[in-house]
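Enquirer: Predicted model, plus sequence, below.
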Amino acid sequence: MEKHVPIRAISRSIAVLQAVNRAGSLSMMDIAHASSVPYPTACRIVQTLLHEGLIEREPARKRYRPTALVQTLSHGFQDDGRLATAARRHIVAMTKEFGWPISITTHVGHRMVVRDSTHAITSLTFNNYYPGYTLPILECASGQAFLAFCSPEERKSILDTLRAIPENSANNTLDLFESNILVEEIRRVGYAAKGRNKYNNNPGKTSSIAVPVLQNGEPIGALSLIYFASAMRPSDAVDKYLAPLQKVAQTVAEEMNERFEVQAA
């Protein structure tokens, strides 16, 4: 068996289940689109998930939704939410001051997972992104910030896994990270930026800047500020919001360290 080569059938099945679980209810066509899985393949996967009881068809319409059995997939995973708890009041305060939503994300596999966000408390957003929403690590500002500041060993492991995925074979961002060009640039300026985000519920309509939350020099997550792409240039967003975002990230990290010291004592 070739090292690092994923089994496509399993990858596609996970993508389908994630799409249904994330949306809560989807038609068959929507499932295929949201998971980027060909329609015939998505149909077969849905039938398998129905058989296993992880999803069900809604009684009155041709849509599919997750069942309570999806919770069994998280059995054994422990997440005390300390980072989200420490960040909550600070990201709420920043959103109330500037209006734009803030997300706190952490790294899981080759994706970034939203742990908390302030989309629900502001009108300056197109959608509310709930905890559990995932983004490709290379295609979001938070993921790029995490990759730039994590250890070389962890970064290489993530990039090797991404390189083994066929869809990434011609990914210019992956090339730039492997050559360390992006790593050095992001570390130099202290943030990552992504214009006209493609991988969200409103492709092309928002942009974002992100900074790492560092604990003992290692990123434990990232803070992102998301704004309407039509509202300002990326350089203006950096001028206005980078310093406050970095201050929040530093404050959250300090509170995390204080809590750790209290628990250790």
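Expert: Arrived safely. Numbers count the residues shown, from 1 in each chain.

Enquirer: what comes up buried for stretch 241-257?
Expert: Under the neighbour-count criterion of 16 or more other C-beta atoms under 10 Å, stretch 241-257 has 241-242, 245, 248-249, 252-253, 255-256 buried. Backbone N, C-alpha and C define where each C-beta goes, glycine included.

Enquirer: Out of these, the closest to Thr122 would be?
Expert: Tyr241 (13.8 Å; C-beta to C-beta).

Enquirer: ok, back up a step: mind giving me CSV with the buried residues of stretch 241-257 and columns for pLDDT and distance to Ala164?
Expert: As requested, the buried residues of stretch 241-257 are arranged in CSV below (pLDDT from 0 to 100; distance: C-beta to C-beta, whole Å):
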residue, pLDDT, distance to Ala164
Tyr241, 98, 36
Leu242, 98, 34
Leu245, 98, 33
Val248, 97, 36
Ala249, 97, 32
Val252, 95, 34
Ala253, 93, 33
Glu255, 89, 38
Met256, 86, 33
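
Enquirer: Run through the stretch 151-265 of the chain and note the low-pLDDT ranges.
Expert: Under the criterion pLDDT under 70, the flagged ranges of the stretch 151-265 of the chain are 169-170, 259-265.

Enquirer: 90 instead?
Expert: 160-171, 199-202, 216, 255-265 (pLDDT under 90).

Enquirer: Tell me where it has helices.
Expert: Counting by DSSP state H, counting those that start in this stretch, the stretch 151-265 of the chain has helices at residues 152-163, 172-178, 181-189, 234-264.

Enquirer: and those as a markdown table, adding distance to Ala68?
Expert: As requested, these are exported to a markdown table (distance: least, C-beta to C-beta, whole Å):
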| stretch | distance to Ala68 |
| --- | --- |
| helix 152-163 | 31 |
| helix 172-178 | 37 |
| helix 181-189 | 41 |
| helix 234-264 | 33 |
